[in-house]
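Engineer: What follows is a predicted structure for the sequence shown.
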Amino acid sequence: MRARRDRQTTGYPAAPETSGPLLEVADLTTHFRTGRGMVRAVDGVSFSLDRGRTLGVVGESGSGKTVLSRSIMGLLPRTNVVRSGEVRFAGRELTALTEAELRDIWGVEIGMVFQDPMTSLNPVMRVGRQITESLRHHLGVDRAEGRRRAVALLDSVGIPEPEQRLGDFPHQLSGGMRQRVTIAVALACGPRLLMADEPTTALDVTVQAQILDLLARQQRERYMAMVLVTHDLGVVAGRTDEIAVMYAGKIVEKAPTRTLFSDMKMPYTEALLKSIPKLADPSHTTLSVIPGRPPDLVNLPTGCRFYPRCPYAQQRCRDEEPPLQEATTPGHVYRCWFPVGTPEGRDALDRNRREGRLDAGAPVAPAGA
């Protein structure tokens, strides 16, 4: 076993490192009991992630992205949750741990950047204390050393006058600054895995780019693994090694980033890509949208879960759920009977167009759906 490198920013002690993937998720399922029935938020998700690599998890709101990240962390309600599958981190099974045992992993081994810093940061606690609290609890540093490391952390995430900012409350900072503080808190104890759940929500475009660049830089410098959760394929295009596309609780396509953009197979992935506004388009160009809404996770459709919105859908899509099958490129898997770019996919699209199931090329619910 190799010793983990010390981090100059935090100075935390070296920890043992295991061979093989850092994170392994196998058939992870998270369902919620409600008055309407069982909500299948995450439904049989599997993937692995190595040290120093970044996985992008992409999908619309309600696709299960955030529940997946919280399921991996073990941040779930105590009641009305049905959870199964395996989550192995550095060879250790996390789903078997108690909440007290998970607290020794949160922050130290796995950090998390939440969507909204105003809700993840304590509004009545000064920034400095929110950073030093985890340092003192997990690493046992004294007050002076904790302050020194907190200043170094704020400086590393690009906050000007970091010593002065230690005395500020979250409401005194801008949205971008608050998100930088959230990242500093997540990185304080030098985790080996960082979960970033929609880290640029509600930020303007310029600040979004700065935050994403910051995360990428910290990930490289610290040799962390990172899971970047977002609804925007454009965000993960140049910032991830691999992308998993989620729809209705399942991974419907997963591939190395370049492969996904050059040879996508799942119509849902194609629809997500088409919905991204393009700078080259003229002003007032109509945006492409995915018609309809994601399915009700209590009453899921039979067959492929995307078929009511899919321009390629055929009778088989309504009757049979496609398995996760391998493409020709290693590491590329997808769920579709009529994949994009294949003869079967082109024939299905042409058939729907001839039979009037498409409106000006936009996907609509197939006839009889």
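Structural biologist: Yep, that arrived. Numbers count the residues shown, from 1 in each chain.

Engineer: residue nearest the centroid of the chain?
Structural biologist: Geometric centre of the chain, nearest residue: V229, 2.0 Å, by C-alpha atoms, centre = their mean.

Engineer: Does anything pack onto the host helix or strand of that one? Which helices or strands?
Structural biologist: For V229, the host element (DSSP states H and E) is strand 225-230. Packing partners of strand 225-230 (3 or more C-beta pairs under 8 Å, 6 or more residues apart in numbering; DSSP states H and E): strand 54-58, helix 65-73, strand 193-197, helix 205-222, helix 233-236. No exception for glycine: its C-beta is placed from N, CA and C like everyone else's.

Engineer: residues in contact with the third one?
Structural biologist: For strand 193-197, the surrounding residues in contact (C-beta atoms under 8 Å, 6 or more residues apart in numbering) are 22-23, 49, 65-66, 69, 72-73, 89, 109-115, 186-187, 215, 218-219, 224-229.

Engineer: what's the distance between A152 and L135?
Structural biologist: Using C-beta to C-beta, to the nearest Å, A152 is found at 11 Å from L135.

Engineer: Revised request: answer the last question for L173.
Structural biologist: Taken as C-beta to C-beta, the span from L173 to L135 is 20 Å.

Engineer: Among these two, which residue is more densely surrounded?
Structural biologist: The neighbour comparison of L173 against L135 (other C-beta atoms under 10 Å) goes to L135, with 25 against 19.

Engineer: And what about the closest residue to that one other than its chain neighbours, helix, strand or coil?
Structural biologist: What sits nearest to L135 in space, not counting adjacent residues and going by C-beta to C-beta, 6 or more residues apart in numbering, is G146, at 4.7 Å. Secondary structure state of G146, per DSSP: H, G, I helix; E, B strand; the rest coil, is helix.

Engineer: give the contact list for the closest residue to L49 other than its chain neighbours.
Structural biologist: Spatial nearest neighbour of L49, excluding adjacent residues (C-beta to C-beta, 6+ apart): L23 at 4.3 Å. Counting by C-beta under 8 Å, 6+ apart, L23 makes contact with 48-49, 72, 87-89, 193, 225, 227.

Engineer: So L23 versus L260, what's the distance?
Structural biologist: With C-beta to C-beta as the criterion, L23 and L260 are 20 Å apart.

Engineer: before we move on, the earlier item: can you dump the C-alpha atoms of the strand holding V229 in CSV for me?
Structural biologist: In CSV, the C-alpha atoms belonging to strand 225-230 read as follows (Å, rounded to 0.1, in the frame of the first residue of the first chain):
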residue,chain,number,x,y,z
ALA,A,225,-11.4,11.9,-7.6
MET,A,226,-14.4,14.1,-8.3
VAL,A,227,-18.1,13.5,-9.2
LEU,A,228,-19.5,16.6,-10.9
VAL,A,229,-23.3,16.7,-10.9
THR,A,230,-25.0,19.1,-13.3
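
Engineer: That one vs strand 193-197, what angle?
Structural biologist: Inter-element angle recorded for strand 225-230 and strand 193-197: 0 degrees (by axes from the mean of the first three to the mean of the last three C-alpha atoms, to 10 degrees).

Engineer: now strand 225-230, how far from the chain's geometric center?
Structural biologist: 5 Å (C-alpha atoms, centre = their mean, to the nearest Å).

Engineer: mind listing what it pairs with, with the direction of each?
Structural biologist: Within its sheet, strand 225-230 is paired with strand 54-58 (parallel), strand 193-197 (parallel), according to DSSP bridges.

Engineer: now what about it, what contacts it?
Structural biologist: Counting by C-beta under 8 Å, 6+ apart, 22-23, 49-58, 65-66, 68-69, 72, 192-200, 215, 219, 235-236, 239-240 sit against strand 225-230.

Engineer: Now a ChimeraX select for only the buried ones of those.
Structural biologist: Here is the ChimeraX command that selects the buried residues among these (16 or more other C-beta atoms under 10 Å):
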select :22,23,49,51,53,54,55,56,57,58,65,66,68,69,72,192,193,194,195,196,197,198,199,200,215,219,235,236,239,240
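
Engineer: that older thread, the residue nearest to L135 and P308, how far apart?
Structural biologist: 54 Å.

Engineer: Could you do E344 as well?
Structural biologist: On the measure of C-beta to C-beta, E344 and P308 end up 20 Å apart.

Engineer: what's the answer for Q315, then?
Structural biologist: Taken as C-beta to C-beta, the span from Q315 to P308 is 13 Å.

Engineer: Please say which of those two ends up with more neighbours.
Structural biologist: For Q315 versus P308, neighbours defined as other C-beta under 10 Å are more numerous around P308 (21 against 12).

Engineer: My read is that the more buried one contacts T302, right?
Structural biologist: No - using C-beta atoms under 8 Å, P308 is not in contact with T302; the gap is 10.7 Å.

Engineer: how about the strands paired with strand 225-230, which one is nearest K274?
Structural biologist: strand 54-58 (13.8 Å; C-beta to C-beta).

Engineer: so that closest one versus helix 205-222, what angle?
Structural biologist: Using the same axes, to 10 degrees: strand 54-58 against helix 205-222 is 140 degrees.

Engineer: Next, the angle from strand 54-58 to helix 65-73.
Structural biologist: Going by the same axes, to 10 degrees, strand 54-58 makes 140 degrees with helix 65-73.

Engineer: For strand 54-58, output the C-alpha coordinates as PDB.
Structural biologist: Presented in PDB, the C-alpha positions along strand 54-58 are these (Å, rounded to 0.1, in the frame of the first residue of the first chain):
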ATOM      1  CA  THR A  54     -13.600  13.200 -12.800                       C
ATOM      2  CA  LEU A  55     -17.000  11.700 -13.600                       C
ATOM      3  CA  GLY A  56     -19.800  14.000 -14.800                       C
ATOM      4  CA  VAL A  57     -23.400  13.000 -13.900                       C
ATOM      5  CA  VAL A  58     -25.800  14.800 -16.200                       C
END
